[in-house]
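> what follows is a predicted protein model with its sequence.
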Amino acid sequence: MQRRPLAGRVALVTGGGRGIGRAIAQAFVARGMKVALADLDAALVETTAREIGAGAIGLALDVTMRAAFERGVDEVEQRLGPLDVLVNNAGIMPVGPFLEESDATTRRIVDVNVHGVLNGMKIVLPRFRARRHGHLVNVASMAAKVPAPGGVTYTGTKHFVLGASDAVRQELRGTGVEVTCLMPGPVLTEMMAGLRPARGVRQVTVEEVAAATVAALERPRFAVHVPAAAGHMHALSHLLPRRIREAVLRALRTDRVLTEIDHETRRAYEARVR
């Protein structure tokens, strides 16, 4: 398959003020795309847009508010042109024992990680379908396939993102709309503050995730693992009986990544996302 040209396409990236969202926006700009970044932190996203340059714009946006999200998409289209790409990247990961998680924290994780993604999908997909063109990128996580004790609600939301992405992809088959689900492993961002990586699991950079996103736009495909080897390993692991697979995960200490935490190092992130 030939690479699809990206120059001139219009993209909106949620959670664009920092981390993965910022890196994706920078990679898009480098390909000549017109980029809007959205984030709950208005000052941060405006600063990020100025630093990225190339006409990037920053919008204050709460993805959990459907009407506000739609107004944001309308503004992007008024300022940059019809939207070609939406990257549903905004997400949060408070961690801790499930039975100690407050109802408020549970609702906040689900609001951002589930309803934020659904809102974006419901707003842009009718526009994409009407134009018979557009690419939806939903950012999930390897947690969508690998259980993460200490992040029960977060894990559930990422399972949801993967399942919903696949189902809507099949609903839209033949309409000209592309759907991609990104599943990065542990990414070197603020979200990983105070967490200890599993044995033999390489932490990836935001630049690697951004490069994988660009590649998925140029040669569309649904499931994108970062690093790619993680997807192959996961597929192979599911050939094993569950008890053996879980024993391997325990040997790699994946069950301790979100339970053995340096709370002091993580305090600032947890306070901000809650």
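Yes, it's here.

> where do the strands sit along the stretch 51-200 of the chain?
Secondary structure of the stretch 51-200 of the chain, counting by DSSP state E, counting those that start in this stretch: strands at 57-60, 85-88, 134-139, 177-184.

> most tightly surrounded among the ones you listed?
Most buried of these, by mean neighbour count (mean count of other Cβ atoms under 10 Å): strand 85-88, with a mean of 27. Heads up, the C-betas are built off the backbone N, CA and C, glycines and all.

> quick check: longest helix of the chain.
Using DSSP state H to define each element, the chain has its longest helix at helix 152-171.

> can you give me the angle it makes with strand 134-139?
Orientation of helix 152-171 against strand 134-139 (axes from the mean of the first three to the mean of the last three Cα atoms, to 10 degrees) gives an angle of 160 degrees.

> now helix 152-171: buried residues?
For helix 152-171, burial by neighbour count (16 or more other Cβ atoms under 10 Å) applies to 152-162, 164-165, 168-169.

> please apply the same query to stretch 259-268.
Neighbour counts over stretch 259-268 (16+ other Cβ under 10 Å) mark 259, 261, 266 as buried.

> how about residues contacting that stretch?
Here stretch 259-268 makes contact (Cβ atoms under 8 Å, 6 or more residues apart in numbering) with 95-97, 149-150, 193-196.

> narrow the residues you listed to those that are buried.
By 16+ other Cβ under 10 Å, these give 95-96, 149-150, 194-195 as buried.

> ok, back up a step: mind putting the buried residues of stretch 259-268 in CSV, distance to A130 and pLDDT included?
Formatted as CSV, the buried residues of stretch 259-268 follow (distance: Cβ to Cβ, whole Å; pLDDT from 0 to 100):
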residue, distance to A130, pLDDT
T259, 47, 86
I261, 46, 88
R266, 44, 89
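
> which of these lies closest to A36?
The closest of the buried residues of stretch 259-268 to A36 turns out to be R266 (Cβ to Cβ; 30.4 Å).

> now that closest one: how far from V201?
Distance, R266 to V201, by Cβ to Cβ, to the nearest Å: 19 Å.

> next one: H135
29 Å.

> got it, and T106?
Distance from T106 to V201, by Cβ to Cβ: 27 Å.

> chain center to stretch 257-266, what's the gap?
In terms of Cα atoms, centre = their mean, to the nearest Å, the centre of stretch 257-266 is set 22 Å apart from its chain centre.

> hang on, the earlier thing: pick out the lowest-pLDDT one from the contacts of stretch 259-268.
Ranked by pLDDT, the contacts of stretch 259-268 bottom out at R196, which scores 81.

> ok, and the closest non-adjacent residue to that residue?
Leaving aside its sequence neighbours, R196 sits nearest to E260 (Cβ to Cβ, 6 or more residues apart in numbering; 5.7 Å).

> separation between the one you found and L37?
34 Å.

> what does P149 give?
Distance of P149 to L37, computed by Cβ to Cβ: 33 Å.

> same check on L239?
Distance of L239 to L37, computed by Cβ to Cβ: 41 Å.

> and what of H159?
Distance, H159 to L37, by Cβ to Cβ: 27 Å.

> same question for P197.
28 Å.

> those two - which one has more neighbours?
L37 (32 against 16; other Cβ atoms under 10 Å).

> spatially nearest residue to that one, not counting backbone neighbours?
Nearest to L37 is G16, by Cβ to Cβ, 6+ apart, at 2.9 Å.

> immediately after the helix or strand of the chain with the lowest mean pLDDT, which helix or strand?
Taking mean pLDDT, DSSP states H and E as the measure, the chain has helix 228-237 as its least confident helix or strand, at a mean of 70. Remark: after helix 228-237, the chain's next helix or strand is helix 242-251, criterion DSSP states H and E.

> could I have that next one exported to CSV, CA atoms only?
The C-alpha coordinates for helix 242-251 follow below in CSV (Å, rounded to 0.1, in the frame of the first residue of the first chain):
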residue,chain,number,x,y,z
ARG,A,242,-4.4,-18.9,31.5
ARG,A,243,-2.6,-20.2,34.6
ILE,A,244,0.7,-20.4,32.8
ARG,A,245,0.2,-17.0,31.2
GLU,A,246,-0.6,-15.4,34.5
ALA,A,247,2.5,-17.1,36.1
VAL,A,248,4.6,-15.6,33.3
LEU,A,249,3.1,-12.1,34.0
ARG,A,250,3.9,-12.5,37.7
ALA,A,251,7.4,-13.5,37.0
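
> perfect, that will be all.
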